[in-house]
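S.K.: Predicted model follows, preceded by the sequence.
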Amino acid sequence: SWTQPQDEAAKPSLISGSWDGTARVWNLEAGTSTILPGHENGVCVMGLPNGNIVTGSTGVQVDQSVVGFQLRLWQDGKVIGTMADHEGAIRSLDLVPHMGFISTSNDGTLRMRGQDMTAFS
C-alpha cells in the first residue's frame, strides 16, 4: 500500500505488512524502512488519503484460542487509535474512496469504517 502525504512536496511511501508481526514504512529513495511495532503475528496494511496508516493483525494463539486481533490507526509513526470489534483474525483492509475503508475478518464479517476507524451502522 502507499501513503499519500498531506504535504504536497513530500513523496509517498510504500507500506508493507508481514507474518513476522511487523509493518514497515519504506523510504524508497533512501532504501530504508521504519518499523511500526507491537503487532500480533500477521499484519495487513493500508494507507489512507489523509496520510494516516491502518494496520490489522491476525492475533496470537493462547491455549486453544486466537486472541488479540485488532486494528491500529497510525499517524507520523505513532498509534493514535485502536479498534478490536472483529471476533477473528483481520485479513484485509480495502479503501472505499470518499468514505473510508473496509476491514474483513476470519469471523466472516466486513466492517465499513470512516478514516477514524469508526464502524458505520
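M.R.: Thanks, I have the structure now. None of these values were measured; they are calculated from a predicted model. Residues are numbered from 1 along each chain as shown.
S.K.: Residue 38 contacts residue 78, doesn't it?
M.R.: No: with contact defined as Cβ atoms under 8 Å, residue 38 does not reach residue 78; the gap is 10.9 Å. (Glycine included, C-beta is placed from N, CA and C.)
S.K.: So for these two, which residue has more residues nearby?
M.R.: Between residue 38 and residue 78, counted using other Cβ atoms under 10 Å, the more crowded position is residue 38 (13 against 8).
S.K.: Let me know the distance separating the more buried one from residue 97.
M.R.: For residue 38, the distance to residue 97 equals 29 Å [Cβ to Cβ, to the nearest Å].
S.K.: same thing with residue 63?
M.R.: For residue 63, the distance to residue 97 equals 42 Å [Cβ to Cβ].
S.K.: ok, now residue 34?
M.R.: Distance of residue 34 to residue 97, computed by Cβ to Cβ: 27 Å.
S.K.: shaky segments in the protein?
M.R.: For the chain, the stretches with pLDDT under 70 are 2-11, 121.
S.K.: all strands for it, in order.
M.R.: 2-3, 13-17, 23-27, 32-36, 43-47, 53-57, 60-62, 65-67, 71-75, 78-83, 90-96, 100-105, 110-113 (DSSP state E).
S.K.: ok, the spatially most central residue of the chain - contacts?
M.R.: Centroid-nearest residue in the chain: residue 55, 1.4 Å away (criterion: Cα atoms, centre = their mean). By Cβ atoms under 8 Å, 6 or more residues apart in numbering, residue 55 lies in contact with 17, 23, 36, 39, 43, 44, 45, 46, 71, 72, 74.
S.K.: Would you mind checking which of these is nearest to residue 115?
M.R.: Closest approach between the contacts of residue 55 and residue 115, by Cβ to Cβ: residue 46, at 10.7 Å.
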